Structures are given as structure tokens and as C-alpha cells.
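*Asks:* Based on what follows, work out the 3D shape:
(chains A, B and C)
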Amino acid sequence: MQETIKRYLKAKKALFDIYYSDLNENQRKSVYCVNNPLLILAGAGSGKTTVLVRRIAHIVKFGNAYYNDLVPYEVNEMHLTALERSVALPKEELENILSEFAFEQCPPWRILAITFTNKAANEIKERLAKQFPDEETARDIWTGTFHSICMRILRSHHEKIGYRAGFCVYSTDDTKSAMQKCMKELDFDEKIMPVKSVINAISKAKEKLQTPEMYEAEAGNNPKYQSIAKVYKLYQKSLLQSNALDFDDIIMQTVRLFRENKDVLKSYSDKFKYVCVDEYQDTNKAQFYLTEMLASSHRNLMVVGDDDQSIYKFRGATIENILQFDKNFSDATVIKLEQNYRSTKNILCAANEIINNNKERHPKMLWTENDMGSKIHIKQALNQTDEAKYIVNTIQKAVAENKYKYRDFAVLYRTNAQSNSLEATFVKSGVAYRILGGTRFSDRKEIRDVVAYLQLINNHDDKERLLRIINEPSRKIGAKTISVISEIAVEENKSMFEIIENADSYMALKNSSVRLLEFSALINYLTAYLNEHLLNELVEEMLIKSGYRQMLTDAGEEEKDRLLNIEEFVSGIMQYQSENEEPTLTGFLEQNSLVADVDRYDESADAVVMMTIHSSKGLEFPCVFLPGFEESIFPSEQSSHSDSELEEERRLAYVATTRAKKELFIIYAKDRLLFGRILCNKPSRFIEEIPNELKEEVPTENNMPRATTAKTYYSQKTISFSDLTINKQLFTKPQGVVERFSVGDHVSHITFGSGEIITVTTMGQDVLYEVIFDKVGTKKLMGNYAKLTKI
DNA sequence: ATGGGGCTGCTTTTT
DNA sequence: GCAGCCCCAT
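*Replies:* Down below sits the predicted model:
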């Protein structure tokens, strides 16, 4: 009987291994590991989304099938032989056989997958859909960004945090103008305390879950922080009055909801048997608490991350979250995905070399079985126009030779501002291109105006949007009248819209009451109109009745673009209506405020795509151009003063280079026009960090004398191939047992030098060491990565 | 209440 | 180099 059991279990595992034979060993391990906390450290291009999707599908289809030791009572020789022979079956049939092993399957609606961007969420949704024959299963899985998931939760429980139904989300610009008004009300001088810095400080506070009261307490005697505390307080009050949340509130208020209502938290944490978080290195403290809470009942939390791709520290993301993972979940399994399937050896090696200059990281090594590929093309351009021309020419040539299509190319830059000069050249060239981000579509005045009308119709309390459009087009309602309304509203603790609706009962508004009543009647009429009509019809009616369309038509040729933009916006609404079973104004506005331009990136369109490096995270392209690799641009001027910010820039350079599959072009300009001034910057240090053996200089077209070109810069630091230990290891799969140490051991590290182990924490199959180094102080290192040697 | 003219300061990066 | 802001004149 023992023998039968062994054979049965062996056959089961063999069948699963065949079913998942398109995955590598560690990827399979991640899929099978279902019933405890799981940390996946996944390098760039190592197939982490695949693992995430396949694991969820596995949980739904087979549950904890792989690791259980259950054997059916009736199993006999015939059955066993049949199983053992099934190994040769095609995959579709295999799945039927495997379902026999299913155990503790999880219904799809009890699985939650959280991502950082809508782009990633959509990709997971699409790929999940392909895993199931029916449409419903994939749709029932809760997939979304932190913000969209929280909104979904808040919509059901808004009253518990003091918000009314139909509450709305403020965009960055709405936040800014609301903040400005608060500061004005408190008589704070913008010259001394810029709005931007206040917004930043308050955002940071919210990321740390600090309430205005907590912030005030922490401010102590510091006048600057005391002032910010005052603004924070007033700002929260005005948000509540407008029935609005800002981006950070979405997370913070959800945490608050859970903390103050244990029953609500319990209903969600009981519901979600499995919680998966993508891009865990980008989560901030608030998101960490949120995740922990949601996973608290079942503790089946899987997080996927890569510290080398952490590029959002500036907005509060903390790598501590990955390090803390094992503190909260000491039984966590840790799996590393280090095989890269995306890039050529040359590209991957260059990326490894760049990131290897960072000190604050878990040393790790990506390797690939892909070809060597071309060397990295390094191009010196004369100026930004030359740079753009080089990109256009290279693309045109490759397309003409039928090597690539337009859509195979991406141009990734550090700052959105760089897109202007690129665009100018692309327009003239006739190369199809699309720019994502930058002056966003939704940032355009006319779009913001139309959205403001819709927001006000949806939520009459929304002060910010009301102020935006009350005199747009001109209704002869000026600053004076508005401040009177605002004062009355504060006095009577009513919304401004309520005062406007009753303008005729206030003496102070005598002169403008007719116009005010007309305005409130317009909004009320449109609100009622929505009951009987579709959203796009509402926009048409609004454009006509408000006089907005007339205003634009009167302006003539100049404003023609604006009308076209509005048309595009309306077609966006119609798309929303066709995609959703129950389209609502609230739903549309919410989607509109949480979705960025990058999310609309359509891979099927044959056009070169341009975006910031930040936006490109998670994407891949056969050919990538990286313009503007100059000191003070990349790394940016303001980051060059601090080591930690420089390391973040370097991680960004790492993300940029690892986007490329086949060809990578890095370009720097001798002269660059910026802010109307010509700058002459040295080539970026990141170019220098790529060893000469991996790069190839593109000759300048008119054969300029070489003495002054890039070579001189490179020769400052010569690295020979044999010095590169990492390089050599790159081409072979690393394996073997890593030596373990205990507290008090003296060890040596390749970059940090010698030190002493002070703590040892087991983290799944890995060990986290805290080491006090003689020169650089205390560091936390992962045993399997760190390559420590005993002294 | 509005529109024009001049001045400032800006560019990191995003939900 | 340009967008957005403030101030002043209408």
C-alpha cells in the first residue's frame, strides 16, 4: 500500500510538472506554494506576471493540490498505470485529469490581486481571462490598483467615515487649488511656503497615516511644521465639506475605516482567502498596513517585488516593506526568479553592471539563455535636435529594411519636458508615434472644465469644481460675489451650492441673485436630465445649455482643437458606456480620475511610443532609445547631492535598460537647450558604468574628430572584462548551497568589506542577516544573494 | 468684472 | 521658452 501511495503522489506531481512545463522550476514552485505567506523576489523580465496569473488560476482550478498527501481510497493498479501514462497527453486533456487532484479550491471572488498601476491591473485581468474557458471566473476575481480596490470598499461604507454617497476624488490639480485656497484663508505667504512643498508634506503625512492632529503634535515648536499642520487641518475640513477625497485619502481613509470598524475589516479579511500584491517594492506604509489587514484572517498573502526596480521612494515607497515581510510572516516562503526571458545577454549584462554600483540592495544576479545580441549603441549627438534626428533616422532605416515595425520602438526619457523637442522632429518625419503622459489629455483646460461640470452634477457639494466653472463661460459672477457666497456658506455650515440655490434670500447677494439662480437652475436641470438620458447625451446638453460650446465656437479657429478634444472625451464616455453593464456618472468619473494616459497605451497600434522611464515600468520593447543620458538630466541635478537619491536614479537607469529586448540605444547630447539656455553636460555616469566591451560607439555622421568625443570620457575608468566577476557568472545558471552563518561570525562582503553578524532571521529558504560592517555600519542582507564569506 | 501686459519660475518621477 | 500668475486699466 505504501508503494501505491508513493506512486500515486509521484504520478500526480509529474503530471503537474508537465502541465506547467512552460515555466521554470522556481516559477512552478511559486505556483504550487499556495498555503502560506509567499515572497517572490523577481528580477526584471523574469516572468513575475506570468507566475502571479498562473498561481491564481491554479488556486481556482486545483487549490492546494500539489503538496497534499491525499490518495483516494479506491486507487488501484489500473488507475495508477493510466495516470502514469497520461504524461504523454496533450495539455487540454491533462487539465481534465488534474482536476481529479483538486483540493480546497478557492472561488474566484475570494481572491484579491492588487497592483500599482491600472496598466498592470488590466494586463492581469486579460491574462486571467485566458486561463478560464468561461468569462465569469476571471471577472469575479478582485483585480485592481490599490486605489480602485479601496474606492470599491469605500463606496460601500462611506457613511462610516463621514462621507456622503457620490463622494468624488480630487485630481492633483484640484488638490493644488484647494490647498491654495486654504493657505490664502490662513494668510500664509506662498513665497515663504510654496504650495508644492505643503502638498508634498501633507501627502507624506498621509502616506504614514498621520492625521492633522498627529502632525500637529509632532510639529512641536517648529513654526514651519505648525503652519503646515494648520493647513492640513483646514484642508481636510474643506475636503469633507466638498465630499471629496484626494489620492492619499483613498488609502488612508480605508485604513481608518478598518481600524475603527473591526466588523467591516473582518468581513473583508474573512472574504479574501488569498491576497496577492504586485510591485511590492513600490508600496508605502499605508499600503503595507492595508495589505496586512486584508490578509489578516487567512494569511495567504503573496507579494512580488524587486528592490532594484523600486523607483517610487520619492513618493513614500519603502523597501522596508519587503524586509518587514518576514517579521510579520515568519513562516513565509521566499522564492527568487532570476532567469530573464526578455533581453539579450549584452543588454542584461549592461543592466547588471549599472545596478551593481548601488550599495543599498540585495546583491542578486539575473541570467539569461538568450543570445548575446548586439552591443549597446552609444551615440553622441550635437544637440537635442540632432538627437531626435538620429532616433528618427535609425527607426526609418530599420523599418525600410523590414527588420522592425514602428511599434517595436520605444523612446524613454527622464522628464516629460524632453518630449517636446523629440515630438517636433517626429512630426516632420512622418514616423507614426504616440506620446504617453506629458501634458495629459485630462489636464487640458477644456477637458477639466467639462469634467468639472460633470463632477458638480454628480456632487453638488464639490466646491472646487463649482468654483472652476461657475463663471466659465462668463456669467458675470466675479470674485466679489464668490467670496460673499463662500463666507455665508462657512457661517451657515452649508455648501456653496446651497447658498447659490437660495441666493434671493440673502441681501448681500441682491445684485447677482438672478444670475446665481440661473446657474443653480442649470445644474439642477442637468442633474435631472441625467435620469432620463445617457451620459454622452448629458454632455451634449451641458455643452449647449451652459453656453460652453458657443463660447468655443465664438473663439474661432484658435479654439478648434478644444472642440475636437471634447469630441474625443465624449467618445471616451461612449466607450465607457459600452464596456460597462451599468454605466453611471459616478462610475465614469471615478474611472476617469483614477486612470492615467499610460493605461490607454494600445500595443496593437503601429506607432513608436514615447513616455517617461517611470511609466515604462512593466513594459518591454524590441528596441529602446534612451535620449538625454547627460549628467544633471539623468541623473537629475537635484538628485546628485544625495547618495540615496542617486541610487534611485540608478535604479531608474536599470529599469530603462531592462525594457529592451534586442537593441538598446543610449544617446547623449553635447549641447542641450533647456529653459532657453544652452547646457553642456558631461555624458551620464550611467554610460560610464557600462563596461566598454558591451558598448559600441555610433560614429558621428560627418566624422568629427574623435579626440573630443565620448572616448575620452570612457577612458577615465577602464574596466577589463576579466575583472567582471558578475559577467562571467552571468552565462551560467548559479546554483549550489550557500554557506550559513550565525550571530558573532566575522564575514566579508564584496562591496561592504568586513563585518560581524548581529542578527540572523530565517525567511523561508533564505536567511536575513543584519551585519555591522567596519566601514559602512549596519546593513540587512539576504543570505542567498549577499555572497558573504567567513573570515 | 474682464482682459491685457509683463513678470516669474519651472521640470523629476504618479495613483 | 513658455505657462500661469499678478496687477492694473478699462
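
*Asks:* Run through the residues that contact the residue of chain A found nearest DNA strand B.
*Replies:* Closest residue of chain A to DNA strand B, CB to the nearest atom of the strand: A:Gly478 (2.0 Å). Every C-beta, even on glycine, is put in place using the N, C-alpha and C of the backbone. Shown in contact with A:Gly478 (CB atoms under 8 Å, 6 or more residues apart in numbering): A:Asn471.

*Asks:* what does the stretch 101-250 of chain A have sitting close to DNA strand C?
*Replies:* Within the stretch 101-250 of chain A, the positions adjacent to DNA strand C are A:Glu190 by CB under 7 Å from any atom of the strand.

*Asks:* so A:Lys476, which of the three states?
*Replies:* coil (DSSP: H, G, I helix; E, B strand; the rest coil).

*Asks:* Tell me, what's the model's pLDDT at the closest residue to DNA strand C within chain A?
*Replies:* Taking CB to the nearest atom of the strand, DNA strand C has its nearest neighbour within chain A at A:Gly676, 3.0 Å off. As predicted, A:Gly676 sits at a pLDDT of 73.

*Asks:* Same question for A:Glu697.
*Replies:* At A:Glu697, the pLDDT recorded in the model is 91.

*Asks:* Just to be sure, it is in a helix?
*Replies:* No. Assessed with three-state DSSP, A:Glu697 is strand; it does not lie in a helix.

*Asks:* Touching, it and A:Ile378? I think so.
*Replies:* Yes. With contacts counted by CB atoms under 8 Å, A:Glu697 reaches A:Ile378, the gap being 5.2 Å.

*Asks:* quick one, which of the two is more surrounded?
*Replies:* Neighbours per residue, other CB atoms under 10 Å: of A:Glu697 and A:Ile378, the larger number sits with A:Ile378, 22 against 17.

*Asks:* Could you double-check that that one lies in contact with A:Pro699?
*Replies:* No. Checked against CB under 8 Å, the pair A:Ile378 and A:Pro699 is beyond contact range at 10.8 Å.

*Asks:* how far away is the residue of chain A closest to DNA strand B from A:Leu517?
*Replies:* Using CB to CB, to the nearest Å, A:Gly478 is found at 17 Å from A:Leu517.

*Asks:* Check A:Leu89 too.
*Replies:* For A:Leu89 relative to A:Leu517 (CB to CB), the value is 76 Å.

*Asks:* swap in A:Asn68?
*Replies:* For A:Asn68, the distance to A:Leu517 - CB to CB - is 71 Å.

*Asks:* cool, and A:Asn493?
*Replies:* 22 Å.

*Asks:* now do A:Gly547
*Replies:* A:Gly547 is 16 Å from A:Leu517, by CB to CB.

*Asks:* try A:Tyr404
*Replies:* From A:Tyr404 to A:Leu517 the distance is 62 Å (CB to CB).

*Asks:* With A:Ser343 instead?
*Replies:* 65 Å.

*Asks:* higher neighbour count, those two?
*Replies:* A:Ser343 (26 against 16).

*Asks:* Quick check: that one is in a helix.
*Replies:* No. Applying three-state DSSP, one finds A:Ser343 to be coil, outside a helix.

*Asks:* Could you pull up the contacting residues of it?
*Replies:* Neighbours of A:Ser343 in contact, by CB under 8 Å, 6+ apart: A:Gly45, A:Ala351, A:Thr368, A:Asn370, A:Gly373, A:Thr658, A:Ala660, A:Lys661.

*Asks:* Over to stretch A:217-227 now: how far is its first residue from its last?
*Replies:* 12 Å (CA to CA, to the nearest Å).

*Asks:* looking only at pLDDT, what's the mean for that stretch?
*Replies:* 87.

*Asks:* Show me the contact partners of it.
*Replies:* A:Leu186, A:Phe188, A:Met193, A:Ala201, A:Gln210, A:Tyr215, A:Glu216, A:Ile228, A:Ala229.

*Asks:* which one of those is nearest A:Thr145?
*Replies:* Closest to A:Thr145 out of the contacts of stretch A:217-227 is A:Gln210 (22.7 Å), distances taken as CB to CB.

*Asks:* Contact partners for that closest one?
*Replies:* Taking CB under 8 Å, 6+ apart as the test, what A:Gln210 contacts is A:Glu218.
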